[in-house]
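Engineer: return atomic coordinates for the entry below.
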Amino acid sequence: MTAERLHAHLHRSSTLGRGLLARAAQLADLDRAFRDWLAPMGPWARHVNLANLDAERVALWSTSAAAMTPLRYRQAEILAWFEAKAEARFTRLNITVRSSGTIRRAGV
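Structural biologist: Residues are numbered from 1 along each chain as shown. Below you'll find the model as predicted:
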């Protein structure tokens with residue numbers, strides 16, 4: 001590998017790393033803001049976290065199945081909140097429940 005190719009490879013790698021770190025920071029910031037916004041809605045809200053945003057989907061995970069009903073009930077409100085904060089269009093809410101070592105997915 002020539003010095004130029006090595007330099008180009010290292011530059012691409014560092015750019016990718018910065019992009020991943022920026023994405024992780026963005027998701028962490030959105031998760032904190034979402035949890036703050038959700039907190040007054042009930043005791044179930046402390047069990048809910050943002051998992052990911054991709055394409056038109058908001059993915060949430062919860063440690064309590066009891067959170068699924070209020071999340072489904074507030075689906076439009078939650079999607080609108082993420083659209084305003086992330087400045088993107090979201091049409092689908094996915095919820096994963098992780099309780100007692102099991103994972104169950106529910107698309108809304």
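Engineer: point out where this structure drops to low pLDDT.
Structural biologist: Counting by pLDDT under 70, the chain shows low-confidence ranges at 1-17, 99-108.
Engineer: nearest residue to the most centrally placed residue in it other than its sequence neighbours?
Structural biologist: Taking C-alpha atoms, centre = their mean as the criterion, Asn52 is the residue nearest the geometric centre of the chain, at 2.7 Å. If you skip the residues right next to it in sequence, Asn52 has Ala59 as its closest partner in space, 4.4 Å away by C-beta to C-beta, 6 or more residues apart in numbering. Backbone N, C-alpha and C define where each C-beta goes, glycine included.
Engineer: what do you get for Glu83?
Structural biologist: Looking at Glu83 with C-beta to C-beta, 6+ apart, the closest residue is Phe90, at 5.5 Å.
Engineer: assign the one you found to helix, strand or coil.
Structural biologist: Phe90 carries the three-state label coil when classified by DSSP: H, G, I helix; E, B strand; the rest coil.
Engineer: what kind of secondary structure is the residue nearest to the centre of the chain in?
Structural biologist: Classification of Asn52 into helix, strand or coil gives strand, according to three-state DSSP.
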